[in-house]
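Visitor: Just the structure for this:
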Amino acid sequence: MRHDLSTEAKQSFQIVALLATVLVVAIHYKSDAPETISPLQATGNQLAQEFLLGGIARVAVPLFAFAAGFFYFRSDDGSLASYCKKLKQRTRTVWIPFFIVGSIALASWILVRRLEDDPVELTMGQFLATWLLRPPAEQLWFLRDLLVLITIAPMIRWLCSRTTYRTILLFAVGGAWAMNWQFTPIVAGWHLLHCETLLFFAIGCLAVDHANSIERCGKASTPILIAVTATWFALIAWRITLRADFDIWYATQYSIADLLVHQASILLGCIAVFMISWRLRHPMLLQISGASFFVYLVHEFPLRAFIQRVAARFLEHDTSAWLVTPLVIVGTYSAAFVLSRCCPTFFALVTGGRLPSASPPQSRWQPATSVPSSNS
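Guide: Numbering: from 1, shown residues only. Okay, the predicted model is just below:
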């Protein structure tokens, strides 16, 4: 039997969006990492960044994908009319932001290359592929994955609604994710669909009929939260001791053991972050969360290229992340509120209609200001 979410749970997802966005920004401004398998040969700075950005922050994408699936299917009745309506909505809320930000990133990339006397040489096919399929802004890969997931959403819903196929789907995709087997072809440099986003999007679909379990998770006692978080951190530390230079993003710097420990830490981390978010439902944080999608869109290239060039003049590169990351986070969230008030029409176009509220919310839920995909 389907249960609706409480206001507390809905607001918790807003905080999840805020925390996950901050973690994504931190990942992209990482400035140092261990260069060898052994943590004994790494510096304290390298280990700290690996723990935070190579461990804790890696829950961001699964959380985004889960929320995307959960809120998509929560308002989907399985009809063709509903599917067409959602495709139309996602054109505005996902494809248009992808296109605008991708276009800005591509134009900036070409300009920077010209200014550095290293002009881009692309065939027309390469230019179109770069522009429409893989813009030089790394964070857009998730939005591209989301567009694919939205397209095949009826198939995912059909599989998840049947016990046998649901079991096969979870075991097959879950196994592929656990072993980091990317089974879709590479299109313009990125896999057509990453198994991580597919898995957690599908889990989000299944969670629609288990909203009461989500509520219980958020309401878990403080001792349980401490135990889950401590185990999560312990798994990250264990993985670092197994392999300090761990990397699975289009790389194979791992063994089966440290891969499985890493994936287990992600599962526990997602649960811990939701429990933490349940406790962070302060009105001010809920208001700030409304700007998360804008921050997600603009924090990468070309902003990162500019910030890193400026930082290189004043900071040591290896430790720059500790100062640059919070400055970028504060700056982009602040810019979101300024632009949303000064240029609301343009801001709404870029963010797919996601406008941060002018005042802290009290007990309301605005899906349009949630994670980069959860709006119904």
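Visitor: okay, the residue positioned nearest the centre of the chain: pLDDT?
Guide: With distances taken as CA atoms, centre = their mean, residue 61 lies nearest the centre of the chain, 3.5 Å away. pLDDT recorded at residue 61 is 97.
Visitor: where's it, which helix or strand?
Guide: Taking DSSP states H and E as the definition, residue 61 sits inside helix 60-74.
Visitor: now residue 197
Guide: Counting by DSSP H and E, residue 197 is part of helix 195-207.
Visitor: Now do that helix, average pLDDT.
Guide: 97.
Visitor: So what touches it?
Guide: Residues outside helix 195-207 that contact it (CB atoms under 8 Å, 6 or more residues apart in numbering) are 61-63, 65-73, 142, 145-146, 149, 156-157, 159-160, 166, 169-170, 173-174, 176-177, 180-184, 213-214. Every residue, glycine included, has its C-beta placed from N, CA and C.
Visitor: Distance from that helix to the middle of the chain?
Guide: 13 Å (CA atoms, centre = their mean, to the nearest Å).
Visitor: I'd like to check the angle between it and helix 60-74, please.
Guide: Per axes from the mean of the first three to the mean of the last three CA atoms, to 10 degrees, the angle that helix 195-207 makes with helix 60-74 is 40 degrees.
Visitor: where does the closest residue to residue 253 other than its chain neighbours fall, phi/psi-wise?
Guide: Among residues not flanking residue 253 along the chain, residue 247 sits closest, at 4.3 Å (CB to CB, 6 or more residues apart in numbering). Here is the backbone geometry of residue 247 (degrees, to the nearest 10): phi -160, psi 130.
Visitor: So residue 247 versus residue 37, what's the distance?
Guide: From residue 247 across to residue 37, the span is 11 Å (CB to CB, to the nearest Å).
Visitor: So those two - more neighbours on which side?
Guide: Remark: of residue 247 and residue 37, residue 37 carries more neighbours, 17 against 12, as counted by other CB atoms under 10 Å.
Visitor: so what pLDDT did the residue lying farthest from the centre of the chain get?
Guide: Centroid-distance maximum for the chain: residue 117 at 34.3 Å, with CA atoms, centre = their mean. Listed pLDDT for residue 117 reads 84.
Visitor: do the same with residue 83
Guide: Residue 83 carries a pLDDT value of 94.
Visitor: Residue 151 is in contact with that one, correct?
Guide: No. The criterion here is CB atoms under 8 Å, and residue 83 misses it with residue 151 at 9.7 Å.
Visitor: Quick check on those two: which one has the bigger neighbour count.
Guide: Taking neighbours as other CB under 10 Å, residue 83 and residue 151 compare with residue 83 leading, 17 against 13.
Visitor: would you say that one is within a helix?
Guide: Yes. Remark: residue 83 belongs to a helix, assigned using DSSP: H, G, I helix; E, B strand; the rest coil.
Visitor: Could you pull out the helices in the stretch 201-350 of the chain for me?
Guide: In the stretch 201-350 of the chain, the segments counted as helices under DSSP state H, counting those that start in this stretch are 211-218, 222-242, 256-279, 283-289, 292-298, 303-314, 321-342, 344-350.
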